[in-house]
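Peer 1: here is my input, please return the structure:
(2 chains)
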Amino acid sequence: MSGVKRFVRCLGLLLVLIQAGGAVAHAETSTERSGSVLVFPKVIFDGSRDTFIQITNTSNSMVHAHCFYVSAVPECNGVGSCLDDTCVGECIPSWVEVDFEIWLTKQQPTSWSAGFGRLSDPNDSVCFRNFQTGNENYDCYGAGLDPGRVPPVSDPFVGELKCIEVDPSGAPISGNHLKGEATIVGTTGDASKYNAIGVIGLDANNGDTTLCLGGGVSDRCPSGAEYNGCAETLILDHFAQGADSPLFGSTSSVTTELTLVPCSQDFETQNPSRVVVQFLITNEYEQSFSASTTVDCWANFELNDVNLIFDLSRLSTRAVQTRMRPASGTPIGILGVSEEYHSLSGQTARAAFNIQQEGERAGTDYIVIPEGP
Amino acid sequence: MMCGERKMRMRGTVAPAIFAFATIFAGMAGAEIGSDRAAAIVVFPKLVVNRADGLDTLIRLSNTSDREQNVYCFYVNVTPICSRPGFSCFPDPDVCEAAGGRCQDQWQETDFLIRLTARQPTSWLVSQGQNLCRPALDSGTCSNSSATCRRDSDCPGARCVFPPCFPLSDESRRSGPGGQSNGTSAIPPSPEEPFLGELKCIAVDESGAPVARNSLQGEALIGRVNPGGGPLLDVSGYNGIGIPSVAAGNRDNTLVLGGQGAEYEGCPYVLILNHFFDGAVDPIATGAGEVRIGTDITLIPCTEDFRTQNINNLTVTAQMLVFNEFEQRFSTSRPISCFKEVRLSNIDTTANERSIFSAGVEGTLTGQTRIRGVFTAGSPQGNGLLGIAEEFRCDGPDFPLCSYTRTDDLISSATTNLHFQGIRSQSDFFYLP
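Peer 2: Now for the predicted structure:
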């Protein structure tokens, strides 16, 4: 009788594991569920805008994360800067990563500005309102349990941030305890916000320095997929470039900026990944057009920079659906966010969107992190 | 062997182990409802219209499949009503109360049908709705002036901009490449103005019966412009929340979300919001003086009864756990009847500065709030919740901070989709007419 009970218990445990594993195996990356890898594709610090990062531990245990800023600021081999077109000389593409670690206690939220970073300072002034004296302070950047020392990004900076959940020794784990948001804030207070893209970890994670996203067993991934794969297709609803915004009348206009990063990244060799991205564009007349571009490590561009087919004069309709996927034979997936700029009479307002996704890539993407001490 | 002697020794630990695994993997499995993939139902929890103050919402809806798709949509009007005729409770309830009236809740649905051709995107203003294009009758506005036009040649050096309309129909004498059309599509303007409410769109077949096709995705953009031409220009956007179908179902008028006999994915067990505590000073926006931040949250129950419009069973108690950056935990709760749009620091009190969502009380800049609809024994539905949050940056020195109804000090807003954790084991329902 007790044997039957034991069998039932074991079966129950097995079913729980199978069910959980099954559910995980069929998910892709997510902008709404906690993941083991967080990707913030667009981080800006350029004098007029800064990016506020929020990361939260959604579990009841301590969580460690290894974070990587990837700077995509082109180097000017002369004088000046390539970002504000003051470079006298040649702009040379450049990708540099800087990494750091953070620790989050149970359910702890943390935050920092990319431009300021965050010090480990227990004396940060806290916000308070004293209801006895009426004294108050609502300016409390850095207050709370510091997650570790977060370095500021270079000035200027364009690029991405990736945070990977690790154990205390620094080995990647599939805890799926991290969620995050990025708010791109102008010095005047205009803001746009997107959710970080979460890559869900699987139970086959062997904890080595090669993270395998999707796919099957291979020499590089002896355990098979350690994380869910990237989406097969990204789908973006947007306005045709230069179309009016019905919200602001016929004299307004809208442009869309797209930020794409490859799913594969090698932080060990800093060898940039290259992806050819195919665009399939459908207007309201159900007419289809196509275009393509190449993403080297990180790309941020207006849609018109890819091809003028995105212009209202070519598409003829205001609303557009664009499907993006890596070109056939390209072994690397893509992730991204979009940001719309609505302009009227010299003013501009911004809104960021997470891009929708469809399917999961059959192949494997690899994130290679540097070896520890 | 695995379940033999070794398990015998682990007898005392099997149950905890199962619990631990279930807990760990519950987060991993997550809620399949999401705003980042196409689904059979798309929910837009917050729509606002008040053109007198330059406020409107634009909806974008897109068919991601290569087949045409009929869509059955429901506006839910929750604009509060003033008990005194001729006075308004929205956006400013003081107008009604100053006239001796009382603001009363409203929950009224208006539905409509549209047809999207293969991979067709469309968009419309909630204040205006959308009809089939009528090239012989429609007039537009020049892109460089406010002059009325019928064609580009009426606007020298500029374009003639027409309001949004469905382009493929007999009336426009145009159809899609496969002969598909938007014929019979019509979207009414918001039921009233000013308007506060939500929108749900459901994939249906030719007969109007729900179909298990995950082919809809959408976004909402909330725009504000100073009607007097002042400096305010603001836009924020969020993705529609997609509820995917999981089985063909019986295609009747009761849609089952999660639980036994699920036709669609169940609602999330917990919603998670990362936010600034209200009143906190934005550390980045220093160019405009001291910029303060306030966050509004919009919550709706997963269960909705469009058939009887009976709202008595649709009150869900939302339990909220709040964590600051010191790992300190606070909690509060609030009943959600059909729809709730509220400033975080007004959830637990009317005095914002005394709220557990106030930076002055919490001590830190940001926090995490976990929101759970409470399921009670005997409840006919799962009591799940869905929602979004909108963050406002204000040029005001103190509470009350700006919002979409108090725009004097508004600098900008940013809307975000909430995170999800877990799936409800109990069913929620949409009852269609």
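Peer 1: in the stretch 151-300 of chain B, which residue sits nearest chain A?
Peer 2: Nearest to chain A in the stretch 151-300 of chain B, going by C-beta to the nearest C-beta, is B:Gly223, at a distance of 3.1 Å. Using the backbone N, CA and C atoms, a C-beta is placed for each residue, glycine as well.
Peer 1: check contacts around that residue.
Peer 2: Neighbour list for B:Gly223: A:245, A:247-248, A:342, A:349, B:55-58, B:234-235 [criterion: C-beta atoms under 8 Å, 6 or more residues apart in numbering or on different chains].
Peer 1: how about the residues of the stretch 151-300 of chain A near chain B?
Peer 2: Residues of the stretch 151-300 of chain A lying near chain B by C-beta under 8 Å from any C-beta of the partner chain: A:174, A:176-177, A:179-181, A:183, A:185-195, A:200-201, A:235, A:237, A:244-251, A:282-288.
Peer 1: which SS state does whatever residue of chain A ends up closest to chain B fall under?
Peer 2: Residue of chain A nearest chain B, by C-beta to the nearest C-beta: A:Gly144 (2.4 Å). Three-state assignment for A:Gly144 (DSSP: H, G, I helix; E, B strand; the rest coil): coil.
Peer 1: if we ignore the residues flanking it in sequence, what's nearest it?
Peer 2: Nearest residue to A:Gly144, sequence neighbours excluded (C-beta to C-beta, 6 or more residues apart in numbering or on different chains): B:Glu325, at 2.4 Å.
Peer 1: would you check that that neighbour makes contact with A:Gly142?
Peer 2: No. Between B:Glu325 and A:Gly142 there is no contact under C-beta atoms under 8 Å: 9.1 Å.
Peer 1: can you confirm the residue of the stretch 151-300 of chain B closest to chain A is in a strand?
Peer 2: Yes. Counting by three-state DSSP, B:Gly223 is found in a strand.
Peer 1: let me see the ranges of the strands in the stretch 51-200 of chain B.
Peer 2: For the stretch 51-200 of chain B, the strands defined by DSSP state E, counting those that start in this stretch cover B:55-63, B:69-77, B:81-82, B:103-104, B:108-116, B:121-125, B:140-142, B:148-149, B:160-161, B:195-204.
Peer 1: check whether the first one comes near chain A.
Peer 2: I take that to be strand B:55-63. Yes. Counting by C-beta under 8 Å from any C-beta, contacts between strand B:55-63 and chain A involve B:56, B:58, B:60, B:62.
Peer 1: ok, now the longest one?
Peer 2: No. With C-beta under 8 Å from any C-beta as the criterion, chain A is not reached by strand B:195-204; the gap is at least 13.7 Å.
Peer 1: so how far is that strand off the chain centroid?
Peer 2: Centroid separation for strand B:195-204 versus its chain: 9 Å, with C-alpha atoms, centre = their mean, to the nearest Å.
Peer 1: only alpha carbons, please: show that strand as PDB.
Peer 2: C-alpha atoms of strand B:195-204 as PDB (Å, rounded to 0.1, in the frame of the first residue of the first chain):
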ATOM      1  CA  PHE B 195     -15.200  59.000 -22.900                       C
ATOM      2  CA  LEU B 196     -13.400  56.600 -20.600                       C
ATOM      3  CA  GLY B 197     -13.400  52.900 -21.300                       C
ATOM      4  CA  GLU B 198     -11.900  49.800 -22.800                       C
ATOM      5  CA  LEU B 199     -12.000  47.800 -26.000                       C
ATOM      6  CA  LYS B 200     -12.100  44.100 -26.600                       C
ATOM      7  CA  CYS B 201     -11.800  42.500 -30.000                       C
ATOM      8  CA  ILE B 202     -12.500  38.800 -30.700                       C
ATOM      9  CA  ALA B 203     -11.700  36.700 -33.800                       C
ATOM     10  CA  VAL B 204     -15.000  35.300 -35.200                       C
END
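Peer 1: what helices and strands are in contact with it?
Peer 2: Packing contacts for strand B:195-204, counted by 3 or more C-beta pairs under 8 Å, 6 or more residues apart in numbering or on different chains; DSSP states H and E, involve strand B:41-49, strand B:69-77, strand B:216-225.
Peer 1: ok, A:Thr210 - contacts?
Peer 2: Neighbouring residues of A:Thr210 by C-beta under 8 Å, 6+ apart: A:220-221, A:366-368.
Peer 1: which among those count as buried?
Peer 2: Buried members of the contacts of A:Thr210, counted by 16 or more other C-beta atoms under 10 Å in any protein chain shown: A:221, A:366-368.
Peer 1: okay, those in a markdown table with pLDDT next?
Peer 2: Below are those laid out as a markdown table (pLDDT from 0 to 100):
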| residue | pLDDT |
| --- | --- |
| A:Cys221 | 95 |
| A:Tyr366 | 97 |
| A:Ile367 | 97 |
| A:Val368 | 96 |
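Peer 1: nearest to A:Asp266 among those?
Peer 2: Nearest to A:Asp266 among these is A:Val368, at 4.4 Å by C-beta to C-beta.
Peer 1: partner residues bridging the closest one?
Peer 2: A:Thr210, A:Asp266 (DSSP bridges).
Peer 1: wouldn't it be in contact with A:Asn271 here?
Peer 2: No. A:Val368 lies out of contact with A:Asn271 (C-beta under 8 Å); the separation is 9.1 Å.
Peer 1: what residues does the stretch 51-200 of chain B put near chain A?
Peer 2: Close to chain A, as judged by C-beta under 8 Å from any C-beta, the stretch 51-200 of chain B has residues B:56, B:58, B:60, B:62, B:64, B:117-125, B:128, B:140-146, B:159, B:161, B:163-164, B:166-168, B:174, B:176-178, B:180.
Peer 1: 6 Å instead, please
Peer 2: Counting by C-beta under 6 Å from any C-beta of the partner chain, the stretch 51-200 of chain B comes close to chain A at B:56, B:58, B:60, B:62, B:64, B:117-123, B:125, B:141, B:143, B:161, B:164, B:167, B:176-177.
Peer 1: what ranges does the stretch 251-373 of chain A have for its strands?
Peer 2: A:253-262, A:265-266, A:274-283, A:288-296, A:299-302, A:319-326, A:334-344, A:347-354, A:356-360, A:365-368.
Peer 1: and the contacts of the fourth one?
Peer 2: Meaning strand A:288-296. Residues external to strand A:288-296 that are found in contact with it (C-beta atoms under 6 Å, 6 or more residues apart in numbering or on different chains): A:260, A:272, A:274-282, A:306-307, A:309.
Peer 1: quick check: mean pLDDT across stretch A:194-203?
Peer 2: Stretch A:194-203 shows a mean pLDDT of 96.
Peer 1: B:Phe323 touches A:Lys106, doesn't it?
Peer 2: No. Using C-beta atoms under 6 Å, B:Phe323 is not in contact with A:Lys106, being 8.5 Å away.
Peer 1: so which of the two has more stuff around it?
Peer 2: Between B:Phe323 and A:Lys106, B:Phe323 has the larger neighbour count (other C-beta atoms under 10 Å in any protein chain shown), namely 24 against 15.
Peer 1: give me the phi and psi for residue 138.
Peer 2: By default, I'm working from chain A. Backbone torsions of A:Tyr138, given as degrees, to the nearest 10, read phi -110, psi 10.
Peer 1: hm, I was asking about chain B
Peer 2: When read as degrees, to the nearest 10, the backbone of B:Asp138 gives phi -70, psi 140.
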